[in-house]
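Visitor: Build me a model:
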Amino acid sequence: MDKGRFLIETHLRTKRPIAELAAAHGVSRSWLYKLLARYRTHGPAGLEPRSRRPLRSPTRIADQWEDRIIELRKELNDLGVDAGPATIAWHLEQRGDTPPSLSTIWRILQRRGFVTPQPHKRPKSSFTRFEADLPNQRWQADVTHWTLADGTTVEILNIIDDHSRLCVASRVFRTARSADVVRALHRAGQQWGYPQSMLTDNGSVFTASARGGTSAMETELLALGIASKHSRPYHPQTCGKVERFHQTVKKWLTKQDPTTFTKQLQRQLDAFADYYNHQRPHRALNRRTPAQAFAAREHAYPTRPLIDCSGYLIRHDRIDRSGRVTLRRHGRLHHIGIGNAYRGWRVIMLIAGLEIRILDQEGNQLRRLTLDPTKDYQPIP
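Guide: From the prediction side, this is the model:
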């Protein structure tokens, strides 16, 4: 039973003074007197708990503001783009208004049923984030899938700038091939400038190391002087920015008219890229657009030496503790001596038949030889 009800009923039944009951039970006398007055006016219903909400709140936002915020929330949701409090505030500012605080917008969305609090979610402060210091210092690229209206599955190649989150390419293919990625790279490079490095996963369109061969993408990056980096297998967090961009693109596409042809889908992707780059404020960029963040700093550029790989197979390796690298040819292992001074160095091996060139990561040639297939160990001359 509620303590207030119990004490008032005790007073009425035993005639025990209010002050004595209050002192014995550690409650306020004024509170008990208030309850007693409500009982005498309304009967037992007067003892029911009442809301402490004030009759009026001078600081409460006007209903017209609430309606505009909810209208904008629905508009952004229908468009398939971010519709959080910060984005709503940004759009209101672009329309010449002075929006309320983000916490006020969040409370409005929560009160109207558009936001569900999730206190169990992992706090953002617990994540370790990395970001390139300059535009074009690192591009992230990845391929995702999308289903057309007729049930056909196509592939979308997305490339974004790690520093500014700028979408430099979003291209659709029936099946993405390494040559398609190369064309997309050149197209983006001509528009935005070539990057200093490329970060991708280990997909076959980006690297052929798992097959013991060389992809067109690897060859082109070496020829352009662009460093190639790959994420650890089964660790998509390394390419987290482009992985998150996939979700943003798909959220947009689900709100668009279903398409049957890749050309129609490409037009939708082009429209989204333009909106995303130039109109959508990004949370990670202090509510700037990616295009604004991209233009705010000097741009990085390829710094590796240009390596002509035409006619060569490419292999990335590390010199072991004995100062050697190992090459398998026709099922036979050949150990190629480089020198103890280079132990642990990462190298690039260019292989054309029996001719082998071994370069460091800066493109400096460490050794060039013609492999003797009759010997397991190729000594340093």
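Visitor: CA only for contacts and neighbour counts going forward, please
Guide: Fine.
Visitor: Tell me which stretches of the stretch 51-200 of the chain form strands.
Guide: Assigned by DSSP state E, counting those that start in this stretch, the stretch 51-200 of the chain shows strands spanning 139-147, 153-161, 167-173, 197-200.
Visitor: can you put those strands in a markdown table and add mean neighbour count?
Guide: Converted to a markdown table, these look like this (neighbours: other CA atoms under 10 Å):
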| stretch | mean neighbour count |
| --- | --- |
| strand 139-147 | 21 |
| strand 153-161 | 21 |
| strand 167-173 | 22 |
| strand 197-200 | 22 |
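Visitor: quick one: which of those strands is nearest Met217?
Guide: Nearest of the strands of the stretch 51-200 of the chain to Met217, taken as CA to CA: strand 197-200 at 10.3 Å.
Visitor: hey, where'd the helices end up in the stretch 1-150 of the chain?
Guide: 3-14, 18-25, 29-42, 63-79, 85-94, 102-111 (DSSP state H, counting those that start in this stretch).
Visitor: hmm, back to that, with mean pLDDT and distance to Cys309 as new columns, can the strands of the stretch 51-200 of the chain be given to me in a markdown table?
Guide: Formatted as a markdown table, the strands of the stretch 51-200 of the chain follow (pLDDT from 0 to 100; distance: least, CA to CA, whole Å):
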| stretch | mean pLDDT | distance to Cys309 |
| --- | --- | --- |
| strand 139-147 | 94 | 22 |
| strand 153-161 | 95 | 24 |
| strand 167-173 | 96 | 25 |
| strand 197-200 | 92 | 18 |
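Visitor: Including distance to Ile226, could these go into CSV?
Guide: Below are those laid out as CSV (distance: least, CA to CA, whole Å):
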stretch, distance to Ile226
strand 139-147, 10
strand 153-161, 14
strand 167-173, 16
strand 197-200, 5
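Visitor: Of all those strands, which one comes closest to Gln191?
Guide: Closest to Gln191 of the strands of the stretch 51-200 of the chain, according to CA to CA: strand 167-173, at 8.2 Å.
Visitor: Send over that closest one as CSV, restricted to the C-alpha atoms.
Guide: Written as CSV, here are the backbone C-alpha positions of strand 167-173 (Å, rounded to 0.1, in the frame of the first residue of the first chain):
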residue,chain,number,x,y,z
CYS,A,167,32.6,9.4,-52.4
VAL,A,168,35.0,9.4,-55.3
ALA,A,169,33.4,6.5,-57.1
SER,A,170,30.2,4.5,-56.9
ARG,A,171,29.8,2.3,-60.0
VAL,A,172,27.5,-0.6,-60.7
PHE,A,173,28.5,-3.8,-62.6
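Visitor: quick one: contacts of it?
Guide: With contact meaning CA atoms under 8 Å, 6 or more residues apart in numbering, strand 167-173 is reached by 154-161, 184-185, 188, 192, 262, 265-266, 269-270, 273, 276-277, 290.
Visitor: before we move on, back to that, quick one: closest of the strands of the stretch 51-200 of the chain to Trp252.
Guide: Closest of the strands of the stretch 51-200 of the chain to Trp252 is strand 139-147, at 12.1 Å (criterion: CA to CA).
Visitor: And this structure, what are its domain boundaries?
Guide: For the chain, automatic domain parsing gives the domain ranges 3-47, 63-117, 139-273, 313-378.
Visitor: Pick out the shakiest of those domains, pLDDT-wise.
Guide: For these, the weakest mean pLDDT is recorded on domain 63-117, namely a mean of 81.
Visitor: Distance from the chain centre to that domain, please.
Guide: Offset of domain 63-117 from its chain centre (CA atoms, centre = their mean, to the nearest Å): 22 Å.
Visitor: can you check stretch 178-194 too?
Guide: Worked out by CA atoms, centre = their mean, stretch 178-194 lies 22 Å from the chain centre.
Visitor: picking up where we left off before, tabulate the helices of the stretch 1-150 of the chain (JSON lines), appending mean neighbour count.
Guide: Below are the helices of the stretch 1-150 of the chain laid out as JSON lines (neighbours: other CA under 10 Å):
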{"stretch": "helix 3-14", "mean neighbour count": "14"}
{"stretch": "helix 18-25", "mean neighbour count": "14"}
{"stretch": "helix 29-42", "mean neighbour count": "15"}
{"stretch": "helix 63-79", "mean neighbour count": "15"}
{"stretch": "helix 85-94", "mean neighbour count": "18"}
{"stretch": "helix 102-111", "mean neighbour count": "16"}
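Visitor: returning to that earlier point: take the domains of the chain and lay them out in JSON lines including distance to Phe130.
Guide: Putting the domains of the chain into JSON lines (distance: least, CA to CA, whole Å) gives the following:
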{"stretch": "domain 3-47", "distance to Phe130": "56"}
{"stretch": "domain 63-117", "distance to Phe130": "23"}
{"stretch": "domain 139-273", "distance to Phe130": "9"}
{"stretch": "domain 313-378", "distance to Phe130": "23"}
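Visitor: Go ahead and name everything in contact with the helix or strand where Trp252 lies.
Guide: With elements taken from DSSP states H and E, the one containing Trp252 is helix 240-254. Here helix 240-254 makes contact (CA under 8 Å, 6+ apart) with 79-81, 140-142, 144, 146, 158-160, 162, 165, 236, 268-269, 272.
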